[in-house]
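**Q** Provide a 3D model corresponding to the input given below.
(2 chains)
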There are 2 protein chains.
Amino acid sequence: MSLDAVLSRIDTDLPHATERLLDLLRIKSISTDSAFKQDCQDAADWLIQDLQSMGIDAEKRPTPGHPMVVGHAGPADGKPHLLFYGHYDVQPVDPLNLWHRDPFDPAVEETDTGKVIRGRGAADDKGQLMTFVEALRAWKEVEGEFPCRITIFFEGEEESGSPSLVPFMEENAEELRADFAMICDTTMFQSRTPAITTMLRGLLGEELTIKAATKDLHSGMFGGVSINPIRVLSRIIASLHDDTGRITIPGFYDGVPELPEELRQQWQGLAFDHAGFLGEVGLSHPAGEQDRTPLEMIWSRPTCEVNGIGGGYQGEGFKTVLPAEASAKISFRLVGDQDPLAIRESFRKMVEDMLPPDCEAEWKAHGASRASATSIDDPAFAAALGALSDEWQVPAAYIGCGGSIPIAGHFAKILDTTPMLIGFGRDSDQIHSPNEKYDMESFHKGMRSWARILDAVSR
Amino acid sequence: MSLDAVLSRIDTDLPHATERLLDLLRIKSISTDSAFKQDCQDAADWLIQDLQSMGIDAEKRPTPGHPMVVGHAGPADGKPHLLFYGHYDVQPVDPLNLWHRDPFDPAVEETDTGKVIRGRGAADDKGQLMTFVEALRAWKEVEGEFPCRITIFFEGEEESGSPSLVPFMEENAEELRADFAMICDTTMFQSRTPAITTMLRGLLGEELTIKAATKDLHSGMFGGVSINPIRVLSRIIASLHDDTGRITIPGFYDGVPELPEELRQQWQGLAFDHAGFLGEVGLSHPAGEQDRTPLEMIWSRPTCEVNGIGGGYQGEGFKTVLPAEASAKISFRLVGDQDPLAIRESFRKMVEDMLPPDCEAEWKAHGASRASATSIDDPAFAAALGALSDEWQVPAAYIGCGGSIPIAGHFAKILDTTPMLIGFGRDSDQIHSPNEKYDMESFHKGMRSWARILDAVSR
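**A** Numbering: from 1, shown residues only, chains lettered A, B, ... in the order given. Coordinates of the predicted model:
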């Protein structure tokens, strides 16, 4: 075989690969909002057609929510069987007024730091997903066959808690089991150092609504004497952390490990530029637990954050209303052996215990997944790390990740398949934010990296 | 003159008076939302035409915001000169889904407690305002002339902080000065006891936005290490009251008087049914300062309430965003000699002092008015109280009011005109809330009450 020919094919086909990605980005596949149900179907259909066009036996598989895309190809010849996982759904786009272009009218833009592909999903995860689709395409075109047995597994509910994922994996475990699950939904370590992510935080999501009076009240007539749900909710949120940044929920830190000395040393060696990391978004002070380093806070410590709050009058001007209710979306990032269900229970009990008379709490449970850590003993990890180092011409690193990719744990537990998390996103990609982008360099070198990894792992 | 003939005229004309009020209620004069600017003009025009039709020399007077309606009529014959004040603007209507009819398609509805006029502004303040317009109309039709010199003064910015009011009053002080300013924007004391309100709380409105990062962040990548403005805002709100319900802003209670023993006795004699007052809106516990009675909390104690809060993702589903900002609308009800500007300064300083690094507070000032208390020494008060007692067949009362009607203080201070606050609203009117209504009894007996007051005061 000739890796060079595949890499060269990727280089010459870049304009077409870019067009294909822009096509996919035009589909408004926002999974959390039921108004975009058909768009999610359209994104799945687009991918199936594309995979079929390169000889992958792909089909749409229904779930109670948005469909899965599953495809198979390649020889079962004793070489490692690789599963490629990605998600075709994207985050909502509000606040829309902060985008400098229509989030679903993507384009290649010139910026001070090079070309970027701008649009919702450019990095998370359509752009990343297409890096390995394009690598597989180039390989097939040059070699006439894939280098090993390939399974494709794309979901459409990653941005809305993946409710159908675990049942689908359990029902289709035989079909989906592979040696490695390549998951392309992570970033590099600081802009130009490629990385394999081996520690991921878990995620617990809760929606809390405090209800008091049966209707909105006039704050002149009722203010002072009637309980205000915004004040109650604020007091609850304020009590979730103590003055040192530590989370106060009883039992919350059960199962949180101290960082092994070896890893601490290795992380110190990475010389993480926390001032630059924060400075890029206008901040300067690490705000979390005051006795932890910024990299620890992000990679190995649990968090409790409020992702949204709302109540009363939020329009233009002023309205002297005492609202009947107020609500917040609160999420927890989990590490080590923290048990999301036990924390949910303890959190809810703590809140219920704090409620003053006349108030009740209404709950909506969102995702609940444990943290995961991958063993890197299999030589495939060293092979992949070498391939990444070759492509980027800097030593690749094993790193942690603050985000939660629950699927990594599911692959290990349900499918007995080793997750390998490699992505080419950058902290500057503004995923989940207005003006999301994916660097053309990430897209291009991402494809080339996958070609090298295919070569290294299947050799 | 014959008061009986005027009262009888009011009775027979009630169907037409109701039609006129429904006409006025159909105009969407929401002053706080600039989308309804023309509707505010329309409401002013409607009133001018109506006043002119009954021989009042009325005209629309421009301001930087919504126009004033000013009218004059009647003989300058040594009898008291009465100014009638009201406002033609209304509150926003959200949450719209809680209305059982279009708020601007008003109608007379039959309810368990009698006929009501349902629609935004039915009670606050279009229905109340029309009680004295209709009384003046009946008087003119029966007697051919008004009983004394009359000035009409309607504004269109009461629900949005009355920014043009003071400048307009100052510029037109000569024209507007009268002996008494009849202000019809208050309730009776518990449903069937008419009242003259002599104590009003002041109002200070503040809009606070906490800003941190330059954009919304991903809570996986940035959670824990980056400051969360929702948490900062919640902590600020939670700190505004101590555990006993007392407000913690330095100097806040400066100028708050203790209730005179005489008034305390009188209020106890009113036998306020606080259980019923709270029970009607689904509450059971007075939530304010724990060492104060409910009537004290509402009429004579200052408050600090959050009228609205918002930040991050509030849509369907979940979004793991760390927002760049969060904001709240906070209002204070003031009593006695509390200085709204001093409190604004102290509040802002307290908040600024609490801000963690990387956060800044952005402020928007809304209304700032002192509390007011009226002397009832002039015999016109006793005359009006007697007229009210005659109409409702129960002894009328001098009472306090939890709401803020800043204009009362302005009349006294700027125009040297004694405010006399008489209204026929009820606590059940749901003003500022969905399904606002005005009882037909309030409307009908309100007109009759004004006819009696005109008679008693001008005799």
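
**Q** can you show me the strands along the stretch 151-300 of chain A?
**A** For the stretch 151-300 of chain A, applying DSSP state E, counting those that start in this stretch gives strands covering A:180-183, A:195-200, A:202-211, A:217-218.

**Q** residues near whichever residue of the stretch 1-150 of chain A sits closest to chain B, how many?
**A** Of all residues in the stretch 1-150 of chain A, residue A:32 sits closest to chain B, at 3.1 Å by Cβ to the nearest Cβ. Just so you know, the C-beta spots here come from the backbone N, C-alpha and C atoms, and that holds for glycine as well. By other Cβ atoms under 10 Å in any protein chain shown, 20 other residues sit near residue A:32.

**Q** now it, nearest residue through space, not along the chain?
**A** Sequence neighbours aside, residue B:317 is the residue nearest to residue A:32 in space, at 3.1 Å (criterion: Cβ to Cβ, 6 or more residues apart in numbering or on different chains).

**Q** mind saving the C-alpha coords of the least confident helix or strand in chain A by mean pLDDT as PDB?
**A** Ranked by mean pLDDT, DSSP states H and E, the weakest helix or strand in chain A is helix A:261-269, scoring a mean of 79. What follows is helix A:261-269, C-alpha atoms only, in PDB (Å, rounded to 0.1, in the frame of the first residue of the first chain):
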ATOM      1  CA  GLU A 261       1.500  12.000  41.300                       C
ATOM      2  CA  GLU A 262       2.700  10.600  37.900                       C
ATOM      3  CA  LEU A 263      -0.100  12.300  36.000                       C
ATOM      4  CA  ARG A 264       0.400  15.500  37.900                       C
ATOM      5  CA  GLN A 265       4.000  15.600  36.900                       C
ATOM      6  CA  GLN A 266       3.100  14.800  33.200                       C
ATOM      7  CA  TRP A 267       0.500  17.500  33.200                       C
ATOM      8  CA  GLN A 268       2.900  20.000  34.700                       C
ATOM      9  CA  GLY A 269       5.200  19.100  31.800                       C
END
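
**Q** what residues sit buried inside it?
**A** By neighbour count with 16 or more other Cβ atoms under 10 Å in any protein chain shown, helix A:261-269 contains the buried residues A:263, A:267.

**Q** and what of stretch A:381-390?
**A** Using 16+ other Cβ under 10 Å as the test for burial, stretch A:381-390 gives A:381, A:383-385, A:387-390.

**Q** ditto for stretch A:185-192
**A** The neighbour-count check on stretch A:185-192 (16+ other Cβ under 10 Å) flags A:185-190 as buried.

**Q** span of it from start to end?
**A** This stretch, stretch A:185-192, spans 16 Å end to end (Cα to Cα, to the nearest Å).

**Q** neighbours around residue A:459, how many?
**A** For residue A:459, the neighbour count with other Cβ under 10 Å is 12.

**Q** ranges for the helices of the stretch 51-200 of chain A?
**A** Using DSSP state H, counting those that start in this stretch, the helices of the stretch 51-200 of chain A run over A:126-143, A:165-171, A:173-176.

**Q** same list (the ones you listed) but as TSV, adding distance to residue B:343.
**A** Compiled in TSV, the helices of the stretch 51-200 of chain A are given as follows (distance: least, Cβ to Cβ, whole Å):
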stretch	distance to residue B:343
helix A:126-143	52
helix A:165-171	53
helix A:173-176	64
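
**Q** all helices of the stretch 351-459 of chain A, in order?
**A** A:379-392, A:406-415, A:440-457.

**Q** now for the shortest one, which elements pack on it?
**A** Helices and strands touching helix A:406-415, as assessed by 3 or more Cβ pairs under 8 Å, 6 or more residues apart in numbering or on different chains; DSSP states H and E, comprise strand A:82-87, helix A:165-171, helix A:173-176, strand A:180-183, strand A:202-211, strand A:360-369, strand A:372-373, strand A:418-422.

**Q** who touches the shortest one?
**A** This points to strand A:372-373. A:198-200, A:202, A:408-409, A:412, A:419 (Cβ atoms under 8 Å, 6 or more residues apart in numbering or on different chains).
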